[in-house]
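S.K.: missing the sequence, but the structure's below:
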């Protein structure tokens, strides 16, 4: 797993956006409000009363509920992460209610989205962060002792959806993936410049094992520049490393984080080309055999 960025004691942390050649992210991935919740319009939709759903402190939790409050507890050497997973077409907002992080001791929290992250520390109380996509991960790292973070979260319909109609979202510890059946574009095939995607999000602190088979009748699938008829690209969203797969060939692949994407290019879904895969979430140190 890619190590977290070095800790710099500061209370002002700029947004850091990573970019892949296939899909550059905007420079303002998150919208931020640091005004108190009593006067912040972005925080007014959060319910922080005693009747709000209170989720137990549970590192490694994948939350699919539309709203609630969650608590993260971490200690030195043991990070605590919680993932918020919603259907495509929605966005997630988190509002910091309480924390006892100390920047000078090296504590911080990270809020990660598809291609970006933002770091929080002292002065983050009453901060609200809103994603552009349907998945968000909050990670707490403690260096100076036991630390806690309490956040309210809420999902809503996105004003500008970031996905295509042929995209699919998969969550949970296991699932099955097939090629898109119906795609907008010439001839009903996947348009190479705008591939359909399968987004895989498993509980944080776990890894994804993918067993897939691509069959292609094109016969001209030299893997040059990552492109050939009827191929897929498997991308690790922790490192942004991509593996192009042109058929026919099997694939056994393990992620370095809890997020992965599969891009469908060419004519997959046609009678001459197909794709089928099974994925499963495993512990980081678990062997591939038997999964």
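M.R.: On my side now, so go ahead. All of these numbers come straight from a predicted model, not from anything done at the bench.

S.K.: All the helices of the chain, residue numbers only.
M.R.: For the chain, applying DSSP state H gives no helices.

S.K.: show me the residues around residue 133 that make contact.
M.R.: Contacts here follow Cβ atoms under 8 Å, 6 or more residues apart in numbering; on that basis residue 133 touches 91, 113, 114, 162, 163. C-beta here means a position set from N, CA and C on the backbone, and glycine is covered the same way.

S.K.: gap between it and residue 149?
M.R.: Counting by Cβ to Cβ, to the nearest Å, the gap from residue 133 to residue 149 is 22 Å.

S.K.: next one: residue 79
M.R.: Where residue 149 is concerned, residue 79 sits at a distance of 11 Å (Cβ to Cβ).

S.K.: again with residue 201
M.R.: In this view, residue 201 and residue 149 are 21 Å apart by Cβ to Cβ.

S.K.: what do you get for residue 99?
M.R.: Between residue 99 and residue 149 the computed distance is 5 Å (Cβ to Cβ).

S.K.: hang on, isn't residue 264 packed against residue 194?
M.R.: No. The pair formed by residue 264 and residue 194 falls short of the contact definition of Cβ atoms under 8 Å, at 10.6 Å.

S.K.: quick one: which of the two has more around it?
M.R.: residue 264 (27 against 14; other Cβ atoms under 10 Å).

S.K.: Confidence-wise, which of the contacts of residue 133 comes last?
M.R.: Least confident by pLDDT among the contacts of residue 133: that is residue 162, with 81.

S.K.: Could you find the closest non-adjacent residue to that residue?
M.R.: Closest residue in space to residue 162, ignoring its immediate chain neighbours: residue 133 at 5.2 Å, by Cβ to Cβ, 6 or more residues apart in numbering.

S.K.: likewise residue 208?
M.R.: residue 255 (4.1 Å).

S.K.: May I have the residues that are in contact with that neighbour?
M.R.: With contact taken as Cβ under 8 Å, 6+ apart, residue 255 is in contact with 207, 208, 209, 210, 236, 237, 238.

S.K.: burial of the third one, as a residue count?
M.R.: Other residues near residue 209 come to 19 when the count uses other Cβ under 10 Å.

S.K.: now do the first one
M.R.: Close neighbours of residue 207, defined as other Cβ under 10 Å, add up to 22.

S.K.: Tell me who's in contact with residue 82.
M.R.: Neighbouring residues of residue 82 by Cβ under 8 Å, 6+ apart: 58, 59, 60, 61, 62, 63, 70, 72, 137, 138, 204.

S.K.: What separation do you get for it and residue 71?
M.R.: According to Cβ to Cβ, residue 82 stands 9 Å off from residue 71.

S.K.: got it, and residue 88?
M.R.: According to Cβ to Cβ, residue 88 and residue 71 sit 28 Å apart.

S.K.: ditto for residue 211
M.R.: Relative to residue 71, residue 211 is positioned 36 Å away (Cβ to Cβ).

S.K.: more crowded one of these two?
M.R.: Per other Cβ under 10 Å, whichever of residue 211 and residue 71 has more neighbours is residue 71, with 18 against 15.

S.K.: Do I have it right that residue 163 meets residue 87?
M.R.: No. Contact criterion Cβ under 8 Å: residue 163 and residue 87 do not qualify, at 10.0 Å.

S.K.: Noted, bye for now.
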